[in-house]
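> need a structure here:
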Amino acid sequence: MTSVFDVLARDHEEVKQMLAELELGPTAVANANPDQLALRKKMAQQLVIEESRHEAAEEMYFWPAVIERLEDGTDLANQALDQEQMGKAVLDRLDKLEPQDEEFEIQLAEFTSAGRAHIAFEEEVVWPGLRLALTLEEAGRLGEKVEKAKEKAPTRPHPKAPASPGVLKAAGPAVATVDRLRDTAAGRDE
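Numbering: from 1, shown residues only. I've put the predicted structure just below:
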């Protein structure tokens, strides 16, 4: 049984790697060729997909566990959810841009900074207390829930949707289906 911390750490590493690759990649300003810009767009789309799934799963299961198990859990979760809502808004804008757009690099840089800060907040501020509050079995069950939720989670950010576990559990699968249909129509890979 994989612990929730292992599941989330794997996601965080994947996102950090994507951000590093996007930072180093050729940009329109640096005279990237059309193939390089197409790859840049594809990488940004993959970032949006993975982040959207990750945040939805956290909102369904991880943050409710933080609220339930930590004395300051509500404050920690609210701070994290505020960060996530801002991140969704940036990803939503980024997802609608092309790498040739001047705003693309601005939104990417904003998300890169905010994303790294959010990951650090989770790992350095939230996880230590939650590790102490959960048994290994509880952390494993929570990890399974998060993994399963990611499989059925939306693949696009929905910054106007409430970060409510109940709403996500009820409406998330339908929204995810619509997202996947849009992804297929747009030729966007998962």
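> Burial check on Pro120, number of neighbours?
If you look again at residue 120, you'll see it is Ala, not Pro. 11 (other Cβ atoms under 10 Å). (Each C-beta comes from the backbone N, C-alpha and C, glycine too.)
> now what about the helix or strand harbouring it, what contacts it?
Ala120 belongs to helix 102-120 when assigned by DSSP states H and E. By Cβ atoms under 8 Å, 6 or more residues apart in numbering, the list of residues contacting helix 102-120 from outside reads 12, 15-16, 19, 22-23, 27-29, 44, 47, 51, 80, 83-84, 86-87, 90-91, 93-94, 97-98.
> what do you get if the cut-off is 7 Å, keeping everything else the same?
12, 15-16, 19, 22-23, 27, 44, 80, 83-84, 86-87, 90-91, 93-94, 97-98 (Cβ atoms under 7 Å, 6 or more residues apart in numbering).
> Mark which of those are buried, thanks.
Buried members of the contacts of helix 102-120, counted by 16 or more other Cβ atoms under 10 Å: 12, 15, 19, 22, 27, 44, 80, 83-84, 87, 90-91, 93-94, 97.
> coming back round to it: just the CA trace of the helix holding Ala120, in PDB.
Extracted in PDB, the C-alpha atoms of helix 102-120 (Å, rounded to 0.1, in the frame of the first residue of the first chain):
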ATOM      1  CA  GLU A 102       4.000  37.000 -25.200                       C
ATOM      2  CA  GLU A 103       1.700  36.300 -22.300                       C
ATOM      3  CA  PHE A 104       2.500  32.500 -22.500                       C
ATOM      4  CA  GLU A 105       5.900  32.900 -20.900                       C
ATOM      5  CA  ILE A 106       4.600  35.400 -18.300                       C
ATOM      6  CA  GLN A 107       1.900  32.900 -17.200                       C
ATOM      7  CA  LEU A 108       4.300  30.000 -17.200                       C
ATOM      8  CA  ALA A 109       6.800  32.000 -15.000                       C
ATOM      9  CA  GLU A 110       4.000  32.900 -12.600                       C
ATOM     10  CA  PHE A 111       2.900  29.300 -12.300                       C
ATOM     11  CA  THR A 112       6.400  28.000 -11.900                       C
ATOM     12  CA  SER A 113       7.100  30.300  -9.000                       C
ATOM     13  CA  ALA A 114       3.700  29.700  -7.400                       C
ATOM     14  CA  GLY A 115       3.800  26.000  -8.000                       C
ATOM     15  CA  ARG A 116       7.200  25.600  -6.400                       C
ATOM     16  CA  ALA A 117       6.100  27.600  -3.400                       C
ATOM     17  CA  HIS A 118       2.900  25.500  -3.000                       C
ATOM     18  CA  ILE A 119       4.900  22.300  -3.200                       C
ATOM     19  CA  ALA A 120       7.300  23.500  -0.500                       C
END
